[in-house]
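Colleague: give me the fold of what follows.
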Amino acid sequence: RNFASALKNPMGDDRKAGVGVGVTTEEPGGRVVISDILLCGAAAETCAIYPGDILYSVDGFRMQGKSVEEVVRVLSGAPGTQVVLGIRPGRHGGSVRGEPPPTSFTLTRRFQSETFIRRRAAPGRPGSVALGGHTP
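Modeller: Sure, this is the predicted structure:
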């Protein structure tokens with residue numbers, strides 16, 4: 001299986017489930033960063049994935065340099081299917097020498113609530129946590 005085949009929706013239609021994370025990129029070609037954690041989502045239930053963490057890989061495929069759209073398509077899939085995320089601690093983890101190896105989390109995709117947690121912080125400064133949601 002290659003990255004291009006991982007982008008295809010296995011349901012063959014528009015129904016998609018996710019793991020409860022939002023992502024952003026640091027700059028074109030840069031690292032993919034977890035921007036949001038959806039409450040009651042699979043990622044929140046780990047109690048170990050946080051906004052600001054680096055999404056290193058999805059199902060063994062490196063995410064650095066991928067667009068947000070590509071990452072979302074790989075994270076999305078049929079409800080009940082599993083996906084393995086490689087996560088490196090981000091800005092919340094304090095100062096670490098070198099890059100720590102990614103930690104793997106196996107999450108089950110499901111339809112998500114619309115309430116999220118977002119952490120905002122400037123580098124080296126205390127952050128704030130926002131609780132929000134989307135209106136349909």
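Colleague: mind listing the helices for the chain?
Modeller: Using DSSP state H, the helices found in the chain span residues 3-6, 42-45, 68-75.
Colleague: so which of the ones you listed comes closest to Asp59?
Modeller: Asp59 lies closest to helix 3-6 among the helices of the chain, at 6.3 Å (CB to CB). Yep, even glycine has a C-beta here, placed from its N, CA and C like the rest.
Colleague: need the winner for burial among the helices of the chain.
Modeller: Comparing the helices of the chain by mean neighbour count (mean count of other CB atoms under 10 Å), helix 42-45 comes out on top with a mean of 21.
Colleague: which strands or helices does that helix pack on?
Modeller: strand 32-38, strand 103-108 (3 or more CB pairs under 8 Å, 6 or more residues apart in numbering; DSSP states H and E).
Colleague: shaky segments in the protein?
Modeller: 1-15, 91-98, 112-136 (pLDDT under 70).
Colleague: tell me the most buried of the helices and strands packed on helix 42-45?
Modeller: strand 32-38 comes out most buried of these by mean count of other CB under 10 Å, with a mean of 20.
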